[in-house]
Each structure stands twice: as structure tokens, then as C-alpha cells.
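# everything below, folded, please.
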Amino acid sequence: MNIFDDDVLNTLNLCIDGVFIENLNGDILMCNATGAEMFGYTVEEITQLNIRDFVPPEETYYLKDEYAASDLYPTEYIRRVNIKKDGTPIFTEVNSKIIISNGVEYIIAFVRNGAGIGRDDPRAPVAQMSTTFWQRIKEEENQIVLPLYDSVGKVKSIIPLTAVEYIESNLKKLRFCLTDGSILEGYGTLNHLEESIPSMGSFLRCYQSNLINMQYAELDEQHGIFIMQSGARVPIRKRQYRQIKQVYYNYRIMMK
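Reported below is the predicted structural model:
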């Protein structure tokens, strides 16, 4: 389907990124040669598909029946795990936004191959898809204990990391909410505490004053909060909501 004139389409074919034009349901209406080759299709083949055809079952949490501007990422690239025509996985980074042509809304998505991007980043898809990686992190978490300090800096008790549901901070006081329902209080800061916790594991700093154990959290997307196993409602930093949501869902997928 030609939404734009031939000069525009010829220009898109010069792009080193894949460029996809889709309707709001995710049907692919146009794709440049780079995008088709990235996924192992011809242009003719790929324009018969929907973006769902490139998403493995365990990654479908972000798919919508119909997309709105709020579902897209117009100012940043988001890492995704996709599948090629032959079924092999491909790691991509996607930037997408709404455009209007002749009064009709479409999605334009710029897709680049992310196989070599962020391999040293523990939150990168390559690392997240590694079962061995997660087993190593869980073993490390099982061995960590957190010190609970009194007001003069002496250790008054220690807490197994895996016993923590979430932690709240208020100035220099910490409140440890444990999985057995008990609450312990001590002195310190979340910034200092995070230095003892694997940054790529079960714990997520979702707000300036909150650190949650994702194992005991459910994301309430309607209200933009986490609901903990105890019923506690933990806020999420609004300006990083999309990134936090992606980290959470990736974690839950790997923990299944």
C-alpha cells in the first residue's frame, strides 16, 4: 500500500534502519528493504503480516489490539526480542510514533538490529534471555544478608535479602517489610543499601523512596503502581514508568 509518493518511499529504502508503516492494529502496510531483510522476508511477504508475527509468545505482554500514541515510544528506542521468518530470535531496538497522512493515523516504526547493543548491560535482552544468568543471580541473592543499623551506626540485626518484600525510606530511616508480614526499622539510605544488592536481579528501585522485590509484586497498569503480596501499594516513578514496566515484565517472563 503506497501511503506516500514514490520519492518518499525511495528515500526510506536508503535508511540503514528498518522502517515500517503500520495501521493502528499493527498490520504492516509498507516496509523498506532493510526492515524486510532484517527479519528474513521479502518486502512483498512482510507487508502481508502483522507485528504480532514477529513477537515470541513469552514477549506478547506489550501488544495491543489497537495502538494509541500513549503505547508508543516517540523519543527513545526500546529493546525488544523478536523472531525472524525461520523462527530464530533477533534482538531489536524500536522507536515508534503516530503520523497522519491524508487525515488517517498510521504508526511509523524505526527498527534497528540490537544484537550487539548493550551486551555489557545486565538488563539487556541477551542477558535476560539467559537461564544460566538468572540462576547465578538467584544463587547470589540467596546468600546476601542486609544489616539493620541503630541510630549510632551499630548493627542490631541482619535480614536475609530473600525475606524482604519491599523497603521504604524516609530521610535516613529504612522500613523493611518482610514476606512474613513483620516490619523492621533501622537507619541508613536506599542508595547505600542498593550497593549490596545485585542491580540486575529481583529488586527494583521503582521510586525514590521505594525498593521492591519483584517476586512479590503485581503491576497495576491502570493506576501505575505495584501491588505487593501483602496488599501494600507502592508508587512508580512517572517519568521512568515505561522503562520500569519493561524491566518488571522481562523479569516475570524469565522467572516463569
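
# quick one: the strands in the stretch 1-150 of the chain, in order.
In the stretch 1-150 of the chain, the strands defined using DSSP state E, counting those that start in this stretch lie at 18-22, 28-31, 78-83, 89-101, 104-113, 145-149.

# nearest residue to residue 203 in space, please, no chain neighbours.
Leaving aside its chain neighbours, residue 203 sits nearest to residue 197 (5.1 Å; criterion: Cβ to Cβ, 6 or more residues apart in numbering). (Each C-beta comes from the backbone N, C-alpha and C, glycine too.)

# likewise for residue 107?
residue 22 (4.4 Å).

# now that neighbour, which residues is it bridged with?
On the basis of DSSP bridges, residue 22 is bridged to residue 28, residue 107.

# just the buried positions in stretch 16-28, please.
By 16 or more other Cβ atoms under 10 Å, the buried positions in stretch 16-28 come out as 17-24, 26-28.

# so how far is it from its chain's centroid?
21 Å (Cα atoms, centre = their mean, to the nearest Å).

# same check, this time on stretch 152-160
The answer for stretch 152-160 is 34 Å, by Cα atoms, centre = their mean.

# tell me the buried residues in it?
In stretch 152-160, counting by 16+ other Cβ under 10 Å, buried: residue 159.

# ok, stretch 61-80 next?
67, 72, 77-80.

# please enumerate residues in contact with that stretch?
Stretch 61-80 has contacts (Cβ atoms under 8 Å, 6 or more residues apart in numbering) with 24-26, 51-52, 55, 59, 91-98, 107, 112, 114, 117-118, 124-125, 242, 246, 249, 253.

# of those residues, buried ones?
24, 26, 51, 55, 59, 91-96, 98, 107, 112, 114, 117, 124-125, 242, 246, 249, 253.

# what about the residue nearest to residue 203, which SS state?
coil (DSSP: H, G, I helix; E, B strand; the rest coil).

# what's the burial count for it?
21 (other Cβ atoms under 10 Å).

# so how far is residue 40 from it?
40 Å (Cβ to Cβ, to the nearest Å).

# so, low pLDDT: which residues of the stretch 151-256 of the chain?
253-256 (pLDDT under 70).

# hey, where'd the strands end up in it?
According to DSSP E, counting those that start in this stretch, the strands that the stretch 151-256 of the chain contains are 155-160, 164-170, 173-178, 183-187, 203-207, 210-213, 217-220, 225-228, 233-235.

# those: which one's closest to residue 103?
Closest approach to residue 103 among the strands of the stretch 151-256 of the chain is made by strand 217-220 (36.1 Å; Cβ to Cβ).

# indicate each strand paired with the closest one and its parallel or antiparallel sense.
When DSSP bridges is applied, strand 217-220 pairs with strand 225-228 (antiparallel).

# what lies in contact with the partner strand?
With Cβ under 8 Å, 6+ apart, strand 225-228 has contacts from 165-166, 177, 206, 212, 216-220, 233-236, 248.

# show me what counts as buried in it.
Buried, per 16+ other Cβ under 10 Å, within strand 225-228: 225-226, 228.

# any idea how many residues pack against residue 106?
Neighbours of residue 106 under the rule other Cβ under 10 Å: 19.

# you'd agree it is up against residue 30?
No: using Cβ atoms under 8 Å, residue 106 is not in contact with residue 30, being 9.0 Å away.

# wait, residue 236 touches residue 204, no?
No: in this structure residue 236 lies outside contact range of residue 204 using Cβ under 8 Å: 9.5 Å.

# how about residue 42, phi and psi?
Per-residue torsions, residue 42: phi -90, psi 160 (degrees, to the nearest 10).

# residues in contact with it?
So residue 42 contacts residue 36 (Cβ under 8 Å, 6+ apart).

# fine by me, we can end here.
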